[in-house]
Every structure is written in structure tokens, then in C-alpha cells.
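*Asks:* turn this into a model:
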Amino acid sequence: MAAYSYKINHTGDKSTIVFHTNSHGEVTLVFKYKEMPDGNNYLWYDCFNLAIGKEIQAVSEEEELAHDISTIMYLFESFENYPGSNQDFFFNVFDIYMSNHIHQFGRIVDTDLCSTIAYLGIVLNALAQNEPNGKTITQEGRMNLLDMLMARTEQKFGDYLYLTKYHRTLRGLQPYLVSFNEFKNNL
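*Replies:* Residues are numbered from 1 along each chain as shown. Have a look, this model is predicted:
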């Protein structure tokens, strides 16, 4: 899937990613970052976690996060002149991104879904900041976005959705995946 180019710089514990877009010029995002012993850099961002039912500081590998956000920015700008409503436009971007993810991995795990929704919010805020009188998403708006896109995922991609469950073992909590349909049928 197409994406915009970007450049990553580190200063102290901050990672600055500058995306080069067509319609919005340079879009800059700053994240808290840390280099790990495995040599990869990891970034922190706000993300809702379904397993515990609240927003947390999630962590993603820097290049993966930058590429995913760049792809979402590209999709947003590709559909900027979409003739439908804002919600239709947004669903179109989400559906294309999710379809690509499912094509690549064969499923969508709840943690990936929540990261994607967080990335969408990050992109919306970043693009709004580059607009005159652009309004960023509030905490309440992010929760509404989560609800809207969770419902969309259930409706359109429910057969590919897997939820992370945990069971206690002698080695602590161990994660395992349950299909959304199986989970829904056992309610």
C-alpha cells in the first residue's frame, strides 16, 4: 500500500517524525521513545486497550508506527475530495486500511485494531493542526471514534476479528486468541 516518505530524528527521549505530504506539506509528530536492548526504537502513544477497558500508554516499534501513520495520511489525502459525508469518507479510509491489514495478516487482532484507531486519531489531530482553525479531537471524541470504529469492525470485518483473552498459569497470565464470533456466541 502506498505511503508518504518520512524522516525520523531523535533528541533526548523524543522521536520526531516528519511526514512529507502532498496537501498538508510537512506534518510533524513527536513521541516519547526509547532504544531497547534488541536495537529497535519503540514509541509510546495513547491507545485504548480492550482487555482492561481503558486507555493506556501503548508501545510500537518506531519504523512500524511511522509507516502505518504514513499510510493512513496517504489514504486521508487520497480521499480528501470524497463526495460523501465526513463519516463516509472516514469509513472509506478505515475500510481500505483494514482490508489491507487483513489481506496481509489474514486477521485483525484487537490490539492491532486499537492501535489502528489510535493512529487514525493521531493523523486527524496532526492534519487538523496544519489547517487554519483546525480542531483537534478531544478525549471524548477519541472515545466516540473508538465506539464508531469498533461497531464498523464488527459489522464489516467481524469474521476476521480476534480478541485477546488471558488465562492464569504457573508462569503468570498467558494470552490466547478467541475469534470474535466465538466470543459473541458464548455471551
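
*Asks:* make it CA atoms for all contacts and neighbour counts henceforth
*Replies:* Fine.

*Asks:* flag every buried residue along the worst-scoring helix or strand of the chain on mean pLDDT.
*Replies:* Between all helices and strands in the chain, the lowest mean by mean pLDDT, DSSP states H and E belongs to helix 180-185, at a mean of 88. For helix 180-185, the neighbour count (16 or more other C-alpha atoms under 10 Å) marks residue 180 as buried.

*Asks:* on contacts alone, who are the packing partners of it?
*Replies:* The contact analysis (3 or more C-alpha pairs under 8 Å, 6 or more residues apart in numbering; DSSP states H and E) places helix 180-185 against strand 161-169.

*Asks:* the residue nearest the centre of the chain sits in which helix or strand?
*Replies:* Centroid-nearest residue in the chain: residue 116, 1.9 Å away (criterion: C-alpha atoms, centre = their mean). Taking DSSP states H and E as the criterion, residue 116 maps to helix 110-129.

*Asks:* how about the helices in this structure?
*Replies:* Counting by DSSP state H, residue ranges of the helices within the chain are 62-78, 86-105, 110-129, 139-157, 180-185.

*Asks:* what sits against residue 34?
*Replies:* By C-alpha atoms under 8 Å, 6 or more residues apart in numbering, residue 34 lies in contact with 13, 41, 42, 43.

*Asks:* go with 10 Å
*Replies:* By C-alpha atoms under 10 Å, 6 or more residues apart in numbering, residue 34 lies in contact with 10, 12-15, 40-44, 59, 61-62.

*Asks:* and residue 24, by the same measure?
*Replies:* Listed by C-alpha under 10 Å, 6+ apart, the contact partners of residue 24 are 73, 77, 126, 127, 128, 129, 130, 131.

*Asks:* got the phi/psi numbers for it?
*Replies:* Reported as degrees, to the nearest 10, the phi and psi values for residue 24 are phi -110, psi 10.

*Asks:* for it, report the pLDDT, please.
*Replies:* As summarised for this prediction, residue 24 has a pLDDT of 84.

*Asks:* ok, now residue 146?
*Replies:* Among the per-residue scores, residue 146 shows a pLDDT of 89.

*Asks:* can you report how many residues lie near it?
*Replies:* Other residues near residue 146 come to 20 when the count uses other C-alpha atoms under 10 Å.

*Asks:* thank you kindly, that will do.
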